[in-house]
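A.B. asks: Following is a predicted model, sequence given first.
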Amino acid sequence: MAVENAVLTVADVQKSFGGLRALSEIDLQIERGKTHAIIGPNGAGKSTLLNVCVGRIPPDEGAVVFKGQVITGKKPHEINQMGIARVFQTPEIFADLTVLQNVMVPAYAKRDGAVKFTLFHGMDKDTDIRLEAEQILMDLGLADKRHDDADSMSRGDKRRLELAMCLVQHPDLLLLDEPTAGMSRLDTNRTIDLLKSIKERGMTKVIIEHDMHVVFSLADKVSVLAQGRIIAEGTPDEVRANPKVQEAYLGGAH
Amino acid sequence: MDTTPSKNAPLSETERVGPAAKEKSVFYRTSGRIATQLPPRGPEMAPLWPPKADIFMTIVFSAVVLTMPLWLQPFGAAYPDLMQRFAIFGIFAIGFNILFGLTGYLSFGHAAFLGVGSYAAVWSFKLFSLNIIPAIIMAVVIAGALAVAIGFVSLRRSGIYFSILTLAFAQMCYNLAYSVLTPITNGETGLRVLSDDPRIIDAIFGTNEVPVPRAELFGISMQGMPGFWTSAVFLIAAFVVALLITRSPFGMMLRGIKSNQVRMSYVGFNTRPYTLMAFVISGMYAGLAGGLLAVVDPLAGAERMQWTASGEVVLMTILGGAGTLLGPFLGAVLIKYFENIFSALGDTTLRSMLEFIPEGLRDTAIAIISPFVGDGWHLTLGVLFMLVVIFMPGGLIEGFRRIGRLFTGGGRKKENG
Ligand SMILES: Nc1ncnc2c1ncn2[C@@H]1O[C@H](COP(=O)(O)OP(=O)(O)OP(=O)(O)O)[C@@H](O)[C@H]1O
Ligand SMILES: [Mg+2]
């Protein structure tokens, strides 16, 4: 099932934690510009798969190829610098910094690379960084909170902030681990609109989601993971109709 | 000291950059909800910190430091020997705070850099010149070089393991100074400047023949008040550099590391060089402080490197307020002041101070108080430290802020004083 222009290719990845096989023989191709959903029951290995992609966990076997380069073995910051940004399952933000600073930090990483010592240079001179951060915050409806401590925000706002931190980098590939978990219906719908409205040409999205409403509104393609294996793959409608999937995951709920 | 922008930013600039930013938006502007807001205008583009507040803080800080001989008078602390220590340990603590306060890496070995700075300065007095400029440069450079080596190894770990590694390195330096390195450190006697030292630079100018060798700056001896003024000027410079670093993108990255180091790497930062840079900068501050200790008294001993000295700077920083700009200096002054007052209190002084208590109770009072003074003053320090950590976890500066907020009734705003 070769995909013409895959941005990300996961080739035969295996990962065990002690005796537990978290991932076995994972082959996955993510097509450029598409939204690819990964669904599966709790503990299926979805987050582990993302961890392998961003360099958090080294796979036991297999490789991940991004834009034609093998990224397995690279450090997380190198992988990010190549153009992969990630929203974590539990929001990973800079709790002690202000909301605006939270977005400016990744903007600096994008502009200046992995290391740049600008010790005696006032941040106020970087109007480009500042504007970009302000713009993203405005787009995500967080502009009013820009000078608040990030820690003081609600869980839903923290998720949106994390999304802002990723989007400010204009990544080629955006990995989202349950971006709407714990959100109200209204916030979930806003997030769906938001993700749909990303115009960035070529920005590819991989989204892990339990909420089928989100999956079917966003995904071009769905892969179903169960017990560390991909048991089905196809368009949302194909997957929905697949009896294997209904048995393993949907449990007839749909 | 307040990140909320003032409302007086030049509008012209925003109007110039505003429309361009709109083009850069990653979102389709067609979808209703998202396109409702305007791009940033005046107030939003105001500086992150009101620059005037920083200038004001610097002026106040300088004024406070330079008028120490006046306002310390009522406290009986306005003599050069003590004021020098305020300034020098203030530098030590301000530098320590760049590492601990910004990145959260707690070093228990910074006294090593202090001691090495002192030795380097004394060697410069012996070999090159009694002028303090080469001595200070040597102290900072050599302490910085040692910090590169120790930091490179220690920063491979974080948390308690980092602290233990730095402690181990510092104790190693301390023990080496007493053993293998005695040719350099002169062991327990300590390294001192002698009248028959070579001093090659002074020799060139024919100024190496002095009866009593003393550190000097172009003829001004560093004994007494000039020593204080020199230390004070370095303290103000050290403060300004720390302020600039705190406000720079680099400073923000360090705080990002403290807040969430994992996140830093997933937004594309290689964090190790940043922590190493912070470590080296704070090591250089410690080297500067050590060099100044040798400037005001051209003698270096290994006890300066002992773990108690490393612990003291941790106490200073936490007592005053880690991560704040003014806290470390405040902590240094308080600890050095109390050390001076309490450690000098003997039983006889105590007895005469407590004259007002009736005869019968006086002995009891003395029995209770005496363990806290004299040699036992560390007990006082311990109690003070415990009280601050329990009741004001943010240190004294945080405590003052809370009190200030009670009066102004201010909301939750992030401050950076
Ligand atoms: N670092 C780790 N060490 C040991 N076991 C792990 C580790 N990470 C994940 N696991 C295990 O691997 C399995 C897959 O975990 P993973 O987090 O990938 O599941 P998931 O599909 O994301 O589930 P959820 O929907 O609950 O988020 C689980 O059984 C989990 O306990
Ligand atoms: Mg998960």
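C.D. replies: Okay, I see it. Residues are numbered from 1 along each chain as shown, chains lettered A, B, ... in the order given. Ligands and ions are numbered 1, 2, ... in the order given.
A.B. asks: okay, CA-based contacts and neighbour counts for the rest of this
C.D. replies: OK.
A.B. asks: confidence score at the closest residue to ligand 1 within the stretch 151-300 of chain B?
C.D. replies: Nearest residue of the stretch 151-300 of chain B to ligand 1, counting by C-alpha to the nearest ligand atom: B:V262, 14.4 Å away. The score at B:V262 is 93. That number is its pLDDT.
A.B. asks: Check which helices and strands the helix or strand it falls within sits against.
C.D. replies: B:V262 is located in helix B:249-266, with elements delineated by DSSP states H and E. In this structure, helix B:249-266 makes packing contacts with helix A:76-82, helix A:99-112, helix B:80-103, helix B:271-296, judged by 3 or more C-alpha pairs under 8 Å, 6 or more residues apart in numbering or on different chains; DSSP states H and E.
A.B. asks: Counting by contacts, list what the third one packs against.
C.D. replies: Using 3+ C-alpha pairs under 8 Å, 6+ apart as the contact criterion, the neighbours of helix B:80-103 among helices and strands are helix B:225-247, helix B:249-266, helix B:271-296, helix B:307-320, helix B:327-344.
A.B. asks: OK, contacts around the residue in the stretch 301-417 of chain B that ligand 1 sits nearest to?
C.D. replies: Residue nearest to ligand 1 within the stretch 301-417 of chain B: B:G323 (32.5 Å; C-alpha to the nearest ligand atom). Residues in contact with B:G323 (C-alpha atoms under 8 Å, 6 or more residues apart in numbering or on different chains) are B:97-98, B:100-102.
A.B. asks: from the helices and strands packed on helix B:80-103, which stretch is densest packed?
C.D. replies: With neighbours taken as mean count of other C-alpha atoms under 10 Å in any protein chain shown, the helices and strands packed on helix B:80-103 reach their highest mean count in helix B:271-296, at a mean of 28.
A.B. asks: which residues pair with the nearest residue to A:G40 once chain neighbours are set aside across the strands?
C.D. replies: Closest residue to A:G40 apart from its sequence neighbours, by C-alpha to C-alpha, 6 or more residues apart in numbering or on different chains: A:L225 at 4.8 Å. Judged by DSSP bridges, the bridge partners of A:L225 are A:I230.
A.B. asks: Show me the contact partners of the helix or strand B:G404 falls within.
C.D. replies: For B:G404, the host element (DSSP H and E) is helix B:395-408. With contact meaning C-alpha under 8 Å, 6+ apart, helix B:395-408 is reached by B:318-322, B:324, B:326-327, B:388-389, B:392, B:411.
A.B. asks: so it versus helix B:307-320, what angle?
C.D. replies: If you take axes from the mean of the first three to the mean of the last three C-alpha atoms, to 10 degrees, helix B:395-408 sits at 10 degrees to helix B:307-320.
A.B. asks: List the buried residues for helix B:395-408?
C.D. replies: Using 16 or more other C-alpha atoms under 10 Å in any protein chain shown as the test for burial, helix B:395-408 gives B:395-399.
A.B. asks: want to try CSV for the residues you listed, with pLDDT as columns?
C.D. replies: What follows is the buried residues of helix B:395-408, written out as CSV (pLDDT from 0 to 100):
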residue, pLDDT
B:G395, 87
B:L396, 88
B:I397, 88
B:E398, 85
B:G399, 84
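A.B. asks: Throw those into TSV and include distance to ligand 1, thanks.
C.D. replies: Listed next are the buried residues of helix B:395-408 as TSV, based on distance: C-alpha to the nearest ligand atom, whole Å:
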residue	distance to ligand 1
B:G395	37
B:L396	40
B:I397	40
B:E398	38
B:G399	40
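A.B. asks: Let me know the closest of these to A:F88.
C.D. replies: Nearest to A:F88 out of the buried residues of helix B:395-408 is B:E398 (C-alpha to C-alpha; 32.6 Å).
A.B. asks: Give me the angle between whatever helix or strand B:Q171 lives in and helix B:307-320.
C.D. replies: Secondary structure assigned from DSSP H and E places B:Q171 in helix B:159-178. Orientation check (the same axes, to 10 degrees): helix B:159-178 against helix B:307-320 gives 140 degrees.
A.B. asks: Identify each buried residue in helix B:159-178, please.
C.D. replies: Those would be B:162-171, B:173-175, B:177-178, for helix B:159-178 by 16+ other C-alpha under 10 Å.
A.B. asks: ok, now stretch B:209-220?
C.D. replies: Buried, per 16+ other C-alpha under 10 Å, within stretch B:209-220: B:213-217.
A.B. asks: Ok, stretch A:56-68 next?
C.D. replies: Neighbour-count burial for stretch A:56-68 [16+ other C-alpha under 10 Å]: A:56-59, A:62-67.
A.B. asks: taking those residues one by one, which sit in strands?
C.D. replies: A:62-66 (DSSP state E).
A.B. asks: With pLDDT added, can I get those in a markdown table?
C.D. replies: A markdown table is the format used below for those (pLDDT from 0 to 100):
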| residue | pLDDT |
| --- | --- |
| A:G62 | 91 |
| A:A63 | 92 |
| A:V64 | 93 |
| A:V65 | 93 |
| A:F66 | 93 |
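A.B. asks: would a markdown table of the residues you listed with distance to A:R185 be doable?
C.D. replies: Listed next are these as a markdown table, based on distance: C-alpha to C-alpha, whole Å:
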| residue | distance to A:R185 |
| --- | --- |
| A:G62 | 39 |
| A:A63 | 38 |
| A:V64 | 35 |
| A:V65 | 36 |
| A:F66 | 34 |
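A.B. asks: Those: which two are farthest apart?
C.D. replies: Greatest spacing in those, by C-alpha to C-alpha: A:G62 and A:F66 (13.5 Å).
A.B. asks: In stretch A:226-241, which residues are buried?
C.D. replies: A:226-230, A:232-233, A:235-236, A:239-240.
A.B. asks: Check pLDDT for those residues and point me to the minimum.
C.D. replies: Model confidence across those bottoms out at A:R240, which has 83.
A.B. asks: Report whether that one is found in a strand, as I expect.
C.D. replies: No: under DSSP: H, G, I helix; E, B strand; the rest coil, A:R240 falls outside any strand and is assigned helix.
A.B. asks: Next, B:F108: secondary structure please.
C.D. replies: On the three-state scheme (three-state DSSP), B:F108 is labelled coil.
A.B. asks: okay, which residue is most central for chain A?
C.D. replies: Centroid-nearest residue in chain A, with C-alpha atoms, centre = their mean: A:L175, separated by 1.7 Å.
A.B. asks: in what helix or strand does A:S47 lie?
C.D. replies: helix A:46-53.
A.B. asks: Okay, now the unreliable bits of the stretch 101-250 of chain B?
C.D. replies: Applying pLDDT under 70 to the stretch 101-250 of chain B picks out residues B:208.
A.B. asks: which parts of it sit against chain A?
C.D. replies: Neighbours of chain A within the stretch 101-250 of chain B, by C-alpha under 8 Å from any C-alpha of the partner chain: B:244-245, B:247-250.
A.B. asks: related to what we said a few turns ago, of all pairs in the buried residues of stretch A:56-68, which one is the farthest apart?
C.D. replies: A:I57 and A:K67 (19.9 Å).
A.B. asks: How much space separates the residue in the stretch 51-200 of chain B that chain A sits nearest to from B:R304?
C.D. replies: Closest contact between the stretch 51-200 of chain B and chain A, by C-alpha to the nearest C-alpha, is at B:P51 (9.5 Å). For B:P51, the distance to B:R304 (C-alpha to C-alpha, to the nearest Å) stands at 38 Å.
A.B. asks: Who has more neighbours out of the two?
C.D. replies: B:R304 (20 against 15; other C-alpha atoms under 10 Å in any protein chain shown).
A.B. asks: How many neighbouring residues does the closest residue to the more buried one other than its chain neighbours have?
C.D. replies: Nearest residue to B:R304 in three dimensions, chain neighbours excluded: B:G115, at 5.3 Å (C-alpha to C-alpha, 6+ apart). When counting by other C-alpha under 10 Å, one arrives at 32 neighbours for B:G115.
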